[in-house]
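Colleague: Give me a 3D structure for the following:
(one chain, ligands or ions: 1)
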Amino acid sequence: MKGLPQPFISRMSDLLGTEYELFSQSYENPKTMGLRVNTLKISAEEFLAISPFRLEPVPWAPEGFYYEAEESPGKHVYHTAGLYYIQEPSAMAIAPGLAPEPGERVLDLCAAPGGKTTHLAAYMKGRGILVANEFVAGRAKVLAENVERLGVRNAVIFNEHPAKLAAAFPGWFDRILVDAPCSGEGMFRKDPAACEEWSLENVVHCAIRQLDILEEAAKMLRPGGKLVYSTCTFSPEENESVLDRFLDTHPEFRLLPFPNASCFSPGRPEWGKGRPELQHAVRLWPHRIRGEGHFSALLEKTDGAEPGVVPLQTKVQSEAVSLLNAFMRESLMEPIPGTQLLLQGENLYSTPGDLPDVKRLKWVRPGLHLGEVKKKRFEPSHTLAMTLSSKEVVRFISLQPDDPEVARYLRGETLSATTPDGWTLVCVHQFPLGWGKVVNGTLKNHYPKGLRIP
Ligand SMILES: C[S@@+](CC[C@H](N)C(=O)[O-])C[C@H]1O[C@@H](n2cnc3c(N)ncnc32)[C@H](O)[C@@H]1O
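Modeller: The predicted model follows:
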């Protein structure tokens with residue numbers, strides 16, 4: 001690959017010695033491309049049965065697959081329906097490292113665009129609470145769109161500085177992912193801008209910021225909780241050295257062996273202070289695996305204070321509740337499981353019951369957006385549609401992927417319908433694309449204007 005920064009070449013050559021040649025050759029290969037099946041909607045086996053793409057398994061993620069450069073899975077209607085997430089294969093190693101359980105409290109602190117958030121969500125199977133935070137406002141919006149498309153029900157999304165979150169969630173989470181902003185050396189093949197923006201100063205700047213973020217994350221983990229630290233860069237300053245500096249001042253944390261370590265290379269203690277446990281971390285090198293590269297480590301908090309937080313209390317007018325209940329009776333097979341309703345203006349959310357009082361934080365969505373309460377009527381949201389399947393609604397239209405009606409629906413056109421009047425889920429097979437409202441054999445299109453394909 002042309003244009004690798006000279007100081008980067010010298011550093012990597014010093015670090016890798018005889019292995020540098022192989023590392024350097026990997027830049028002549030095309031970038032690896034992968035998709036991860038969204039098991040909230042479909043199993044990997046079921047997806048393989050309907051997939052139009054040639055796929056090969058990613059060794060460390062049972063729901064992850066490589067696809068060929070000439071395929072465009074991002075343009076397929078299965079992508080619109082949230083059946084998979086396009087994800088660089090080495091990034092698929094991180095959520096299995098944290099492996100959250102259904103019912104747990106999980107934080108993804110640096111979450112946009114949401115590849116790892118949606119992977120964590122799949123582990124949680126819609127149960128428990130997944131807090132996804134993104135510091136950059138524009139990116140938080142993209143995160144919310146991906147969480148919506150993949151039909152994640154149990155996510156709360158914030159747009160906050162980690163320190164603000166730490167004040168609201170002391171010792172609260174069972175598991176935390178810190179997928180830290182980094183110098184992106186593992187992105188050079190995928191994103192030439194990362195290569196152009198690289199500098200030694202930025203490596204140092206990133207390392208300082210990474211330690212700051214890790215400090216805040218540590219405050220939010222409960223005793224006995226687990227934390228994964230990861231980057232998509234190779235520099236020791238941002239990887240082994242950040243952990244060294246963190247562990248120096250945090251005796252209550254210890255490194256644990258990273259799951260699936262046999263697929264990867266170990267961390268390099270000698271690139272930090274020589275702490276032997278750093279071998280438990282993993283390095284994903286582009287010349288050793290089929291992927292762009294990552295670093296990751298699993299930590300456990302062995303001691304610390306138990307959380308003491310005030311739960312969020314919400315009150316919703318009875319009119320909004322009865323409008324929602326009427327919608328659920330008329331349109332859903334079962335009521336939506338949810339613990340607490342929250343009305344913000346016209347927007348009604350289902351919020352996890354034990355969420356702390358987060359009113360002062362900047363949130364993007366404080367739970368599952370159910371819909372809008374308008375004058376004497378309830379309009380279900382696109383977010384809600386994406387969490388459902390045809391089996392969960394009273395009225396639906398099921399289209400085949402190549403049916404021209406699919407394109408018409410995604411363009412925002414009106415369709416004709418044989419279903420009775422009312423809210424109708426428009427699906428490809430049983431998977432949702434969005435809502436329509438049938439009146440006298442005509443389906444009025446409620447696919448969001450911002451998502452329509454001209
Ligand atoms: C490596 S990316 C996260 C990728 C994401 N986990 C995924 O898999 O899709 C790091 C994120 O951290 C965000 N970030 C930037 N500065 C931050 C800060 N000071 N604190 C927390 N996050 C920050 C960036 O905007 C970026 O979205």
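Colleague: Please make it C-alpha for all contacts and neighbour counts, starting now.
Modeller: Noted.
Colleague: what sits up against the helix or strand hosting Leu22?
Modeller: Taking DSSP states H and E as the definition, Leu22 sits inside helix 20-26. When contacts are defined by CA atoms under 8 Å, 6 or more residues apart in numbering, helix 20-26 is touched by residues 12-13, 285-287.
Colleague: Which residues of the stretch 151-300 of the chain lie near the ligand?
Modeller: Within the stretch 151-300 of the chain, the positions lying close to the ligand (CA under 6 Å from any ligand atom) are 161-162, 179-181, 213.
Colleague: so which of those residues comes closest to Ile86?
Modeller: Asp179 (17.4 Å; CA to CA).
Colleague: Pull the contacting residues for that closest one.
Modeller: So Asp179 contacts 108-111, 228-231 (CA under 8 Å, 6+ apart).
Colleague: do that again at 10 Å, thanks
Modeller: 91, 94, 108-112, 116, 210, 213-214, 228-232, 295-296 (CA atoms under 10 Å, 6 or more residues apart in numbering).
Colleague: before we move on, which element is the most centrally placed residue in the chain in?
Modeller: With distances taken as CA atoms, centre = their mean, the residue of the chain nearest its centroid is Thr117 (2.1 Å). For Thr117, the host element (DSSP H and E) is helix 115-124.
Colleague: Restrict stretch 328-336 to CA atoms and write it as PDB.
Modeller: Extracted in PDB, the C-alpha atoms of stretch 328-336 (Å, rounded to 0.1, in the frame of the first residue of the first chain):
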ATOM      1  CA  MET A 328     -51.500  -2.900  21.500                       C
ATOM      2  CA  ARG A 329     -55.000  -4.600  21.800                       C
ATOM      3  CA  GLU A 330     -55.800  -3.800  18.100                       C
ATOM      4  CA  SER A 331     -52.500  -4.400  16.500                       C
ATOM      5  CA  LEU A 332     -50.200  -6.700  18.500                       C
ATOM      6  CA  MET A 333     -50.600 -10.400  19.500                       C
ATOM      7  CA  GLU A 334     -49.100  -9.700  22.900                       C
ATOM      8  CA  PRO A 335     -48.500  -6.400  24.800                       C
ATOM      9  CA  ILE A 336     -45.000  -5.000  24.600                       C
END
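Colleague: Now it: average pLDDT?
Modeller: Average pLDDT, stretch 328-336: 95.
Colleague: Contacts for it next, please.
Modeller: Outside stretch 328-336, the residues that reach it (CA under 10 Å, 6+ apart) are 153, 322-327, 350, 370, 380, 384, 388, 390-396, 422-425.
Colleague: One more pass at 8 Å, please.
Modeller: Residues contacting stretch 328-336 (CA under 8 Å, 6+ apart): 325, 391-395, 422-424.
Colleague: Could you pull out the buried residues of the strand ranked longest in the chain?
Modeller: Longest strand of the chain, by residue count under DSSP state E: strand 221-231. Neighbour-count burial for strand 221-231, with 16 or more other CA atoms under 10 Å as criterion, is recorded at 221-223, 225-231.
Colleague: Please tabulate those residues in CSV, including the columns distance to Leu433.
Modeller: Output for the buried residues of strand 221-231, formatted as CSV (distance: CA to CA, whole Å):
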residue, distance to Leu433
Leu221, 37
Arg222, 39
Pro223, 42
Gly225, 37
Lys226, 36
Leu227, 35
Val228, 34
Tyr229, 35
Ser230, 33
Thr231, 34
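Colleague: returning to what we had before: report the two of the residues of the stretch 151-300 of the chain next to the ligand separated the most.
Modeller: His161 and Asp179, at 14.4 Å, using CA to CA across these.
Colleague: can you pull the contacts of the closest residue to Ser183 other than its chain neighbours?
Modeller: Closest residue to Ser183 apart from its sequence neighbours, by CA to CA, 6 or more residues apart in numbering: Val203 at 5.6 Å. By CA under 8 Å, 6+ apart, the contact set of Val203 is 182-183, 235, 237-238.
Colleague: List just the nearest of the residues you listed to Pro432.
Modeller: The closest of the contacts of Val203 to Pro432 turns out to be Cys182 (CA to CA; 35.8 Å).
Colleague: on that earlier part again, what's the offset of the helix or strand harbouring the residue nearest to Ser183 from the middle of its chain?
Modeller: In this structure, Val203 sits in helix 200-220 according to DSSP H and E. How far helix 200-220 lies from its chain's middle: 21 Å, per CA atoms, centre = their mean, to the nearest Å.
Colleague: what is the orientation angle of that helix with strand 221-231?
Modeller: For helix 200-220 against strand 221-231, the angle by axes from the mean of the first three to the mean of the last three CA atoms, to 10 degrees is 160 degrees.
Colleague: Can you show me the CA trace of helix 200-220 as CSV?
Modeller: Extracted C-alpha coordinates of helix 200-220, given in CSV (Å, rounded to 0.1, in the frame of the first residue of the first chain):
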residue,chain,number,x,y,z
LEU,A,200,3.1,10.3,16.5
GLU,A,201,1.6,13.3,18.3
ASN,A,202,-1.9,11.8,17.8
VAL,A,203,-0.8,8.4,19.1
VAL,A,204,0.4,10.2,22.3
HIS,A,205,-2.8,12.3,22.5
CYS,A,206,-5.0,9.2,22.0
ALA,A,207,-3.2,7.3,24.8
ILE,A,208,-3.9,10.2,27.2
ARG,A,209,-7.6,10.2,26.3
GLN,A,210,-7.8,6.4,26.4
LEU,A,211,-6.6,6.4,30.0
ASP,A,212,-9.0,9.1,31.0
ILE,A,213,-11.9,7.2,29.5
LEU,A,214,-10.8,4.0,31.2
GLU,A,215,-10.7,5.8,34.5
GLU,A,216,-14.3,6.9,34.1
ALA,A,217,-15.4,3.4,33.0
ALA,A,218,-13.7,1.9,36.1
LYS,A,219,-15.9,4.0,38.4
MET,A,220,-19.1,2.6,36.7
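Colleague: Sort out which residues of it are buried, please.
Modeller: For helix 200-220, by 16+ other CA under 10 Å, it's 203-204, 206-207, 209-211, 213-220.
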